[in-house]
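# build the 3D model from these lines:
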Amino acid sequence: AYCALRRQGLSIDILPADSADLTGYGLVLIPGLMTLPSHLHEAIQTTPARVVLGPRFNTRTSEFCIPDDLPPATDLVTAKLELTESLPPKAQIPADGGGAVIRWFEHLEGATDAAIRSTDGAPILAGGRFQYLAGWPDDALWDRMLTRWLREAGIESIALTSGLRVRDTDTHRFVFNYGASPAWFGQTEISPAGVHWEDRSGQG
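Numbers count the residues shown, from 1 in each chain. Sure, this is the predicted structure:
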């Protein structure tokens, strides 16, 4: 998830699992959080942001036991897990419309409102106000989903060439080239392992 967001040229915040306030965010991704703290549960319910949960969301109790009710087992998601699969390294579950699920896949029961399904019809992304991601996307599927989520949230993204990453502060934009070859950011060529910065404060 982190790599996918950074490929979109975004500066992101990584919050603690017991965060009680999601004010100011337009998009919140919560992948792999096995136990749902009460403070975060309340924060999710009150935020106007798009929230994407899973995979493996709320699959353990605070004592790391499998809950009696099948996960996600919250009022946030109506679908329940029926079966989970750990996929072999080269195995893929193709998504209808492009991309695929790799590494991990969860079969959902009751996911009638799936926004993305596999080519076999199994739900991959389901839900209404809160969406549940029932597997681990490959890069193509991550990019496909993020492009839509960012557009709907009104969050600006940047089309970056391979190796480039952007980090914004209140006053500057830094562009790093982690690649082994020169790369272009707009009209600026950045050397390998080089950095380019721009003043965003309007003062210089």
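
# now do the contacts for Q92.
100-102, 138 (Cβ atoms under 8 Å, 6 or more residues apart in numbering). To be clear about C-beta, it is placed using only N, CA and C from the backbone, and glycine gets the same treatment.

# ok, now L27?
Here L27 is in contact with 49-50, 52, 149-150, 153, 155 (Cβ under 8 Å, 6+ apart).

# try 6 Å
Residues near L27 by Cβ atoms under 6 Å, 6 or more residues apart in numbering: 49-50, 149, 153.

# looking at the chain, which strand is longest?
As assigned by DSSP state E, the longest strand anywhere in the chain is strand 100-109.

# how far off centre is it?
Relative to its chain's centre, strand 100-109 lies at 15 Å (Cα atoms, centre = their mean, to the nearest Å).

# can you list the strands that it pairs with?
If you go by DSSP bridges, strand 100-109 pairs up with strand 80-86 (antiparallel), strand 93-94 (antiparallel), strand 135-137 (antiparallel).

# if you compare those, which one is most tucked away?
Sort the strands paired with strand 100-109 by mean neighbour count, taking mean count of other Cβ atoms under 10 Å, and strand 135-137 sits at the top with a mean of 25.

# restricted to helices, list the contacts of L27.
Among the contacts of L27, the ones falling in helices (DSSP state H) are 149, 153.

# okay if I get the contacts of L27 as a markdown table plus pLDDT, distance to A193 and neighbour count?
A markdown table is the format used below for the contacts of L27 (pLDDT from 0 to 100; distance: Cβ to Cβ, whole Å; neighbours: other Cβ atoms under 10 Å):
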| residue | pLDDT | distance to A193 | neighbour count |
| --- | --- | --- | --- |
| A49 | 94 | 35 | 15 |
| R50 | 93 | 35 | 19 |
| W149 | 95 | 32 | 18 |
| A153 | 93 | 33 | 14 |
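
# so which of the contacts of L27 comes closest to A180?
Of all the contacts of L27, A180 sits closest to W149, with 31.3 Å by Cβ to Cβ.

# gap between the helix-or-strand element of the chain with minimal mean pLDDT and the chain center?
Lowest on mean pLDDT, DSSP states H and E among the helices and strands of the chain sits strand 80-86, with a mean of 90. Distance of strand 80-86 from its chain centroid, counting by Cα atoms, centre = their mean, is 20 Å.

# over to stretch 21-36?
Its chain's C-alpha centre and that of stretch 21-36 lie 10 Å apart, by Cα atoms, centre = their mean.

# number of nearby residues for the nearest residue to P37 once chain neighbours are set aside?
Of all residues not flanking P37 in the chain, D18 sits nearest, at 4.3 Å (Cβ to Cβ, 6 or more residues apart in numbering). By the criterion of other Cβ atoms under 10 Å, D18 has 11 neighbours.
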